[in-house]
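Student: A structural model of the following input is requested.
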Amino acid sequence: MRVLGIIPARGGSKGVPNKNIYPILGKPLVHYTIDSALNSKKLDKVVLSSDSDKILDACAAFNIAFHKRENKLATDVSPVIKTVMNILNRFEQDNIFFDAVLLLQPTSPIKTGKDIDNAIKLLEANESVNSVISVVEMDDTHPARMYWENEDHMLKPILPEFEKYRRQDIPKALYRNGVLYLTRTSALRNENELMVKPTMPYKMNPNYLVNIDEPRDLLIAEVLIKAWQENKL
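Tutor: Numbering: from 1, shown residues only. A predicted model of the protein is given here:
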């Protein structure tokens with residue numbers, strides 16, 4: 001199976017300006033994801049896509065391909081699938097084809113080349129599956145502990161059937177952690193989206209769950225990345 005790895009790294013960010021090159025433990029955030037991609041044994045090509053010259057320059061020393069994203073593909077509301085299709089189409093114009101596409105988000109930096117390879121192995125081993133998505137099991141932060149607010153400003157349980165259950169008696173819930181989205185190219189083209197059913201989970205360690213959207217997430221990321229590097233959790 002030939003797999004294309006795409007790292008989308010927009011320059012614009014309202015929550016954390018320039019977050020993709022924000023230094024965490026002395027290293028730009030996006031470098032963690034590039035390192036994991038380069039440590040994979042099953043990725044055939046790695047592309048960093050960005051509209052920002054600052055980000056592209058900060059990653060220029062890596063032995064990967066670069067895609068300068070058009071501004072219209074890099075707004076807050078631009079679906080990432082459009083960037084993925086743009087990159088795929090460029091490769092196919094040069095008669096370079098891939099069986100699957102792996103999206104690696106730099107804002108979820110804690111992953112390894114082994115994680116990438118294991119996810120790809122799952123897709124290879126299950127021909128009926130169209131996507132593999134990384135998840136973590138949720139414990140205390142379970143939908144059974146969550147509520148909607150109704151029109152009368154009262155609490156309405158999301159899972160009323162489990163609202164009063166003990167934690168250990170509630171079925172496991174899986175949370176999409178944003179680390180990786182792996183999709184067969186044929187399914188991606190047919191559905192024009194990255195998550196195409198049937199979908200399998202690739203389960204990761206919930207202790208290292210972090211997705212950087214706000215300044216507080218940077219503080220959490222520093223602590224968790226350090227613990228991850230030292231294999232403490």
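Student: send the alpha carbons of stretch 97-110 over as PDB?
Tutor: Extracted in PDB, the C-alpha atoms of stretch 97-110 (Å, rounded to 0.1, in the frame of the first residue of the first chain):
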ATOM      1  CA  PHE A  97      -0.700   7.600  -7.300                       C
ATOM      2  CA  PHE A  98      -1.400   6.600  -3.700                       C
ATOM      3  CA  ASP A  99      -3.700   4.000  -2.200                       C
ATOM      4  CA  ALA A 100      -4.300   6.000   0.900                       C
ATOM      5  CA  VAL A 101      -3.900   9.500   2.400                       C
ATOM      6  CA  LEU A 102      -2.800  10.100   6.000                       C
ATOM      7  CA  LEU A 103      -3.600  13.500   7.500                       C
ATOM      8  CA  LEU A 104      -1.300  14.300  10.400                       C
ATOM      9  CA  GLN A 105      -2.300  17.400  12.400                       C
ATOM     10  CA  PRO A 106       0.600  19.300  14.000                       C
ATOM     11  CA  THR A 107      -1.800  20.700  16.700                       C
ATOM     12  CA  SER A 108      -1.900  17.100  18.200                       C
ATOM     13  CA  PRO A 109       1.900  16.600  18.400                       C
ATOM     14  CA  ILE A 110       2.200  13.500  20.500                       C
END
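Student: what's the average pLDDT for it?
Tutor: Here stretch 97-110 scores 98 as its mean pLDDT.
Student: name the helix or strand for Lys30, please.
Tutor: Small correction: residue 30 is Val, not Lys. Taking DSSP states H and E as the criterion, the element that holds Val30 is helix 29-38.
Student: show me what that helix is packed against.
Tutor: Contacts defined by 3 or more Cβ pairs under 8 Å, 6 or more residues apart in numbering; DSSP states H and E place helix 29-38 against strand 3-8, strand 45-50, helix 53-58, strand 100-104, helix 113-125. In this view, the C-beta of every residue, glycine as well, is placed from N, C-alpha and C.
Student: how far off helix 29-38 does the longest one point, in degrees?
Tutor: Put plainly, it is helix 113-125. Here the directions of helix 113-125 and helix 29-38 differ by 50 degrees (axes from the mean of the first three to the mean of the last three Cα atoms, to 10 degrees).
Student: helix 113-125 - contacts with which helices or strands?
Tutor: Contact analysis of helix 113-125 by 3+ Cβ pairs under 8 Å, 6+ apart lists helix 29-38, strand 100-104, strand 131-138, strand 173-184, strand 199-203 as its packing neighbours.
Student: got the contact list for the first one?
Tutor: In other words, helix 29-38. 5, 7, 9, 19-24, 43, 46, 48, 55, 58-59, 62-64, 104-107, 109-113, 115-116, 212, 221, 225 (Cβ atoms under 8 Å, 6 or more residues apart in numbering).
Student: ok so, going back, right, and the helices and strands packed on helix 29-38 - which one's nearest Tyr175?
Tutor: Go through the helices and strands packed on helix 29-38 one by one with Cβ to Cβ and the one that ends up closest to Tyr175 is helix 113-125, at 16.1 Å.
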